[in-house]
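**Q** coords please:
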Amino acid sequence: MSRIGKKPIVVPPGVKISQAKQTIKVEGPLGNLSREIPGGIEVSAEQGTITVRRLDESRQVRSLHGLVRTLIANMVTGVSTGFKKTLEISGVGYRAEVAGDNLKLFLGFSKPLEYRVPKGISVKIDRQVSMVFSGIDKEFVGRVAAEIRALKKPEPYKGKGIKYLGEKIRRKVGKSAGA
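**A** Residues are numbered from 1 along each chain as shown. All right, here's what the predicted structure looks like:
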């Protein structure tokens, strides 16, 4: 049996759970999220906890058991505290600016790159080289951060580009001039 799937999800105060057929809806102080539950999985909410059970032992249902539990736990965490990802820009002249709902990135190209920040995501810029993306949907926050990072991945020789906070860049030694 799935070790993750067996764990109950503790619901913090101020978060409401509602279920209609195969859709679960989570409402909290930061917003509300809903997700479709696949067949073969049963979600039950009692007195401040949510339990996820599988109805049969087929391979597909067993593989979804822990996943569904984790997705629901992320929904509960998102509407109560939220998620954030931090990206750092390194390189001479590389910087970022926020203008309305557009993120303008100066990354050494001839023109600045513009990225339209989707609804549900907020961006905060510190010292023009640190970007903090926050929102209630963990998957969405991670996807937006990954899209921004993909615009200029860190290169291995000088480390210039966009990287996650705390990410280690494996550096290479350049060519040595010698005879």
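
**Q** State the distance from the residue positioned nearest the centre of the chain to R149.
**A** In the chain, the C-alpha nearest the mean C-alpha coordinate belongs to G142, at 2.8 Å (CA atoms, centre = their mean). The spacing between G142 and R149, counted by CB to CB, to the nearest Å, is 10 Å. Where C-beta positions appear, they are placed from N, C-alpha and C, glycine not excepted.

**Q** what does the average pLDDT come to for the helix or strand containing the residue nearest to the centre of the chain?
**A** Per DSSP states H and E, G142 falls inside helix 138-151. Per-residue pLDDT over helix 138-151 has a mean of 94.

**Q** which sections of the chain are below the confidence cut-off?
**A** 1-2, 178-179 (pLDDT under 70).

**Q** for it, which helix is longest?
**A** Looking across the chain with DSSP state H, the single longest helix is helix 59-80.

**Q** So what's the gap between the helix or strand just after that one and the chain middle?
**A** As assigned by DSSP H and E, the chain's next helix or strand after helix 59-80 is strand 83-90. Strand 83-90 sits 11 Å away from the centroid of its parent chain (CA atoms, centre = their mean, to the nearest Å).

**Q** Pull out the buried residues from the longest helix of the chain.
**A** Within helix 59-80, the residues scored as buried using 16 or more other CB atoms under 10 Å are 61, 64-66, 68-80.

**Q** Identify the residue spatially nearest to I136, adjacent ones excluded.
**A** Nearest residue to I136, sequence neighbours excluded (CB to CB, 6 or more residues apart in numbering): G78, at 4.0 Å.

**Q** In contact with that neighbour, which residues are there?
**A** Contacts for G78 (CB atoms under 8 Å, 6 or more residues apart in numbering) come out as 26, 28, 30-31, 33, 135-138.

**Q** Repeat that for L30.
**A** So, once contact is read as CB under 8 Å, 6+ apart, L30 ends up touching 78-82, 136.

**Q** Out of those, the closest to K175 would be?
**A** Minimum distance to K175 across those is 46.1 Å, recorded for G82 (CB to CB).

**Q** Can you give me every residue that contacts the closest one?
**A** 30, 134-136.

**Q** Try it again at 6 Å.
**A** 30, 134, 136 (CB atoms under 6 Å, 6 or more residues apart in numbering).

**Q** Specify which member of these is nearest to P154.
**A** Looking across the contacts of G82 and measuring by CB to CB, the closest to P154 is S134, at 22.4 Å.
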